[in-house]
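take this sequence and fold it.
(chains A and B)
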Amino acid sequence: MSEIMISINNIIKTYRSMGDEVQALKGVSLSIKKGESVSVMGHSGSGKSTLLSIIGALNPPTSGKIEIDGIDLYSLSQEKRADFRREYLGFVFQQFQLIPYLTAHENVMLPLTTTRRSNKEKQEMAKEALVRVGLGNKLNRLPNQLSGGEQERVAIARAIVNEPPLILADEPTGSLDTKTGDEIMALFQKLNEEGLTVLMVTHNPDNVKYLSRTIMMKDGRLLNHDEQLITTMNNTIL
Amino acid sequence: MKLYNISINNLLRRKLKLLFVLLGLIIGIGTIVSVYSVVDAMKLEMTRQASEFGVNVVITPDAGGLAFSYGGITLPEIMYDVEQLTNEDVTTVASVSSKEMIKIISPKLMGLAKLENHKKAMVVGANLQEEFTIKPWLRLKNDNEAEADNDIKANAEEGDKNMSFQSLDLSRQELALLSLNDNQVIVGSMSAASLGLTEGSVLQLEGKEFEVYGILAESGNGEDNQIYMSLTVAQELLNRPDEITVIEMAVDYSLSSEEKLLSELEAALPHTQITSMRQETLRRDEMLTRLVRFGMTISVLVLLIGMLVVGLTMFSSVRERTREIGVFRALGFRKLDIAKLILLEGLLISIGGGILGYLFGMLVANYSGELLVGREIVVQWHFSTIVLAVGLAIFMGLISSLYPAYSAANQDPVEALRFF
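Numbers count the residues shown, from 1 in each chain, chains lettered A, B, ... in the order given. A predicted model of the protein is given here:
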């Protein structure tokens, strides 16, 4: 069994807009081991979101190859990729992206909706996931009846409910205060210690300490070790 | 959790949109149901009226007709090649497959017979019990009846309905007693007045003497000028043995198909002309035709507008839910799951809209049907109409939701989310 969770080889992504071509990723190669927790940092427009969407099986690259757990993502059909997302990936979106008319319990059940599990099993799994993130007592609350931190926890419970091996998170602490943000990062750290691989896009340097590795991006490519060092120093000085 | 849980929750959250879509469906379906129900009620009413009238199918000889015109002046139509009906035709009528629908067959011979003063009188040969049954307004006027007649007139001042019921009862009482000898006749009120006849008078027709058995009460119809006698006596008197002028029938339409009976009669009696009073009434009722055309045109327009409202509302709902659909896609929903989600919402609204539209349409038909058609009608509640209404609503809802569902399923999840 391979030790590599994510293997990216020379990914190029070009967008066409109003007749112009914009290269968002300029030949990115990357390897992330199972059980690692990696943060991707970089300024706006550096290509980190594009990279995450490609790893998330949502956005085919213009060229290059990406494998998750040995599966060549973009050789799969669109529908198979949807199944792959459901089985292999847990998404934690920026600003939680909870469905406002569903309770916490129902929101967590969403990834299980189209599976063949029984209703009872789905309910049990969702409840268990909410207990894992410390919200076992707020199953029937609607998102607007929960605090920001609680909504983030529901979003995390939704990402782990089907027990995927890989969690993709986009600015999970972006709209939280420092204390709540730290609690959430501690939760990610705990999930990582339980064996989940975590890949997180973040602007917040404070989050880095909860993760095992940081990747810096700039202008559509990964910075090498020396460049990262300089960038980190500059950020620290600033 | 299933897809329908998401659909139901979403519909309940967007109550205003739900209301708009429902209204579109309710008005569309309601219009069709009300028009359909009113027309149905009118047809029923016409059938009832035709049945109450007694005679509802008339068989007459088929003949060619030619109208002569002289410089714009047209003479009455001249009939030629008239092939008369016979007693055999009466037997044929009584033996068609749908004969159980025919309650009464009343064959008649009509002709002119010479009176003493060389004037002529209209003679009608018929089986009088059948004739009186088929024409419930016919009744005899005698001394006892005259008293009853006065009572009736008194009642008539109280209300028309009472009078008609009593007239019917009287005619029924008379039926059992109505048995004419070969030398007896019943005279219409006008003929009796002009010839100075009373009950028991003697009348000479074609040189043969007849006793007046009774005088008909005035009916305002053609019977007032006629002299009734037995069919066989009339055939002999007019020297037209075996001949029949017209066959009148009372048919119970509720037993089987009217069209089937008529086609059987037409096949059995190809040389005749068969007229159904009910069909004639329906055909001639231009108001009904106009109402149906107008109603259906409006219904189709309202239906199209309803579909447009449903489609636009569903589409705007899909646009509003772009992010939500992106989340669903990212969480592993297939395109088909997204399409199902939207179509399911369309289906749920349609079922609700169909049922509510049916109730709305029936309410409109019940309360404004009378105003619309200008006569009292009874709107029937049919299970088939509700099935039709809900079916039509589902068809409308699904057709209108097809494009929004397609559009939702094909949203690019990255574009939809714009979160990376």
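
around chain B, which positions in chain A sit nearby?
Contacts of chain A with chain B, taken as C-beta under 8 Å from any C-beta of the partner chain, map to A:49-50, A:52-53, A:56, A:58-59, A:78-79, A:82-87, A:91, A:93-95, A:97, A:99-102, A:106, A:109-114, A:119, A:122-123, A:158, A:170, A:201. To be clear about C-beta, it is placed using only N, CA and C from the backbone, and glycine gets the same treatment.

these in strands, which ones?
A:91, A:170, A:201 (DSSP state E).

which residue packs closest to the first one, ignoring adjacent ones?
Meaning residue A:91. Spatial nearest neighbour of residue A:91, excluding adjacent residues (C-beta to C-beta, 6 or more residues apart in numbering or on different chains): residue B:330 at 5.0 Å.

low-confidence ranges, chain A, go.
Applying pLDDT under 70 to chain A flags residues A:1-2, A:224-238.

for it, what spans make up the helices?
In chain A, the helices defined using DSSP state H lie at A:48-55, A:78-88, A:104-109, A:119-132, A:148-160, A:178-193, A:225-237.

what's the span of stretch A:206-213, first residue to last?
Stretch A:206-213 has its terminal residues 13 Å apart, counting by C-alpha to C-alpha, to the nearest Å.

now stretch B:327-336
Using C-alpha to C-alpha, the distance between the terminal residues of stretch B:327-336 is 15 Å.

who does the residue nearest the centre of chain A bridge with?
Centroid-nearest residue in chain A: residue A:168, 1.3 Å away (criterion: C-alpha atoms, centre = their mean). Following DSSP bridges, residue A:168 is listed with bridge partners residue A:91, residue A:199.

who's in contact with it?
Applying C-beta atoms under 8 Å, 6 or more residues apart in numbering or on different chains, we find residue A:168 in contact with A:52, A:55, A:56, A:89, A:90, A:91, A:92, A:199, A:200.

could you rerun that using 10 Å?
Counting by C-beta atoms under 10 Å, 6 or more residues apart in numbering or on different chains, residue A:168 makes contact with A:6, A:52-53, A:55-58, A:85, A:89-93, A:159, A:197-201, B:330, B:420.

measure it to residue A:64 for me?
With the distance defined as C-beta to C-beta, to the nearest Å, residue A:168 ends up 18 Å from residue A:64.

same check on residue A:135?
The separation that residue A:135 has from residue A:64, given C-beta to C-beta, amounts to 39 Å.

the two - which one has more neighbours?
Ranked by neighbour count (other C-beta atoms under 10 Å in any protein chain shown), residue A:135 and residue A:64 place residue A:135 first, with 23 against 17.

show me what contacts the residue lying closest to that one once chain neighbours are set aside?
Leaving out its chain neighbours, the residue that sits closest to residue A:135 by C-beta to C-beta, 6+ apart is residue A:153, at 5.3 Å. Neighbouring residues of residue A:153 by C-beta under 10 Å, 6+ apart: A:96, A:104, A:108, A:129-130, A:132-135, A:138, A:146-147, A:180, A:183-184, A:187.

which among the helices of chain A is found nearest to residue B:203?
helix A:119-132 (93.5 Å; C-beta to C-beta).

chain center to the closest one: distance?
Counting by C-alpha atoms, centre = their mean, to the nearest Å, helix A:119-132 is centred 21 Å from the centre of its parent chain.

please apply the same query to stretch B:318-332.
Worked out by C-alpha atoms, centre = their mean, stretch B:318-332 lies 55 Å from the chain centre.

first-to-last residue distance for that stretch?
Terminal-residue distance, stretch B:318-332 (C-alpha to C-alpha): 18 Å.

secondary structure class for whatever residue of the stretch 301-420 of chain B ends up closest to chain A?
Across the stretch 301-420 of chain B, the shortest distance to chain A (C-beta to the nearest C-beta) belongs to residue B:332, at 2.4 Å. Look at residue B:332: counting by DSSP: H, G, I helix; E, B strand; the rest coil, its state is coil.
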